[in-house]
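[1] everything below, folded, please.
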Amino acid sequence: MKIKSERLKIVFSISLVVFILSTLTAKASGTDDLFLEALDTMPQNSIERYSYCKSLESGKSYLEVLKEEILARDSENSEEKIEYKTVSKKVADIGFGNRKYPAYIRLELKVLAKENGKVIKLLDYGRPVVFVTGLKASWNGGDYNIDVYENGIRVSSTGEFFLGMENISVGKDIIDIGENSIKTKLMTIKCNVRY
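    You can find the predicted model right below:
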């Protein structure tokens, strides 16, 4: 009965994601707002979120990656099991005026865990996501520098945020106000996840 319920959840999640993705028609690069909007409709710590991030990184379709993941997960027969973790780490504060807005890197991780849920090792990861809470912002950085270890991952990138705001002046982290964008100073963001 539990397996049937799990499969129903997966079918529902796939249907929801396909619907959302078909309405968003976005490319993987330069569309963080649309990417986040679709990603945030999926449950955290789920195979769906991991598969979505992995599909954008690998160039495969979301459904193809999800199918591969489900088959791999269902073939596991041991005291250890594959789990999916959503991890968000604060990497910076964007400051202007009297306000600060926290910026985060979010990672979708595939891990091997014991029956009790204790993570044994990191198996893989999906595309990192950078976002700012409370602001419409996009990260414009170089490629992510990613170091993967058996017991964790380190992600960093150097770049700047572009903010979707009005009525703001240069100062603190804001260095340029254009006609259609507001740019922060150049910064390096990084996060470490260890198990």
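[2] now the protein, which segments are flagged as low pLDDT?
    Across the chain, residues meeting the criterion (pLDDT under 70) sit at 1-34, 76-77, 97, 165-180.
[3] and the helices in this structure, which stretches?
    2-24, 32-39, 47-58, 62-74 (DSSP state H).
[4] for stretch 57-68, buried residues please.
    Across stretch 57-68, burial judged by 16 or more other CB atoms under 10 Å covers 57, 62, 65-66. Backbone N, C-alpha and C define where each C-beta goes, glycine included.
[5] just stretch 36-43 next, same as before
    Within stretch 36-43, the residues scored as buried using 16+ other CB under 10 Å are 38-39, 41-42.
[6] in CSV: those residues, plus distance to residue 99.
    CSV is the format used below for the buried residues of stretch 36-43 (distance: CB to CB, whole Å):
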residue, distance to residue 99
38, 28
39, 26
41, 28
42, 30
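[7] from the residues you listed, which is closest to residue 91?
    The closest of the buried residues of stretch 36-43 to residue 91 turns out to be residue 39 (CB to CB; 17.6 Å).
[8] list the beta-bridge partners for the residue most central in space within the chain.
    For the chain, the residue sitting closest to the mean C-alpha position, by CA atoms, centre = their mean, is residue 129 at 3.8 Å. Under DSSP bridges, the beta-bridge partners of residue 129 are residue 106.
[9] the one 10 residues further on now?
    Partner residues in beta bridges with residue 139: residue 161, with DSSP bridges as the criterion.
[10] what's the separation between it and residue 60?
    To residue 60, residue 139 is 23 Å away according to CB to CB, to the nearest Å.
[11] and residue 120, by the same measure?
    According to CB to CB, residue 120 and residue 60 sit 27 Å apart.
[12] and residue 185, how many neighbours?
    Using other CB atoms under 10 Å, residue 185 has 12 neighbouring residues.
[13] from what I see, it and residue 159 are in contact.
    No. If you go by CB atoms under 8 Å, residue 185 and residue 159 don't touch, sitting 10.6 Å apart.
[14] burial count for the nearest residue to residue 194 once chain neighbours are set aside?
    Leaving aside its chain neighbours, residue 194 sits nearest to residue 152 (3.9 Å; criterion: CB to CB, 6 or more residues apart in numbering). Residue 152 has 16 neighbours, counted by other CB under 10 Å.
[15] am I right that residue 152 is in contact with residue 146?
    No. Look at residue 152 against residue 146 with CB under 8 Å: they stay out of range, at 11.4 Å.
[16] just the buried residues of stretch 36-43 now: which is nearest residue 193?
    Distance to residue 193 across the buried residues of stretch 36-43 (CB to CB) is lowest for residue 39, with 17.7 Å.
[17] you'd agree that closest one is up against residue 53?
    Yes. Between residue 39 and residue 53 there is a contact at 7.2 Å, judged by CB under 8 Å.
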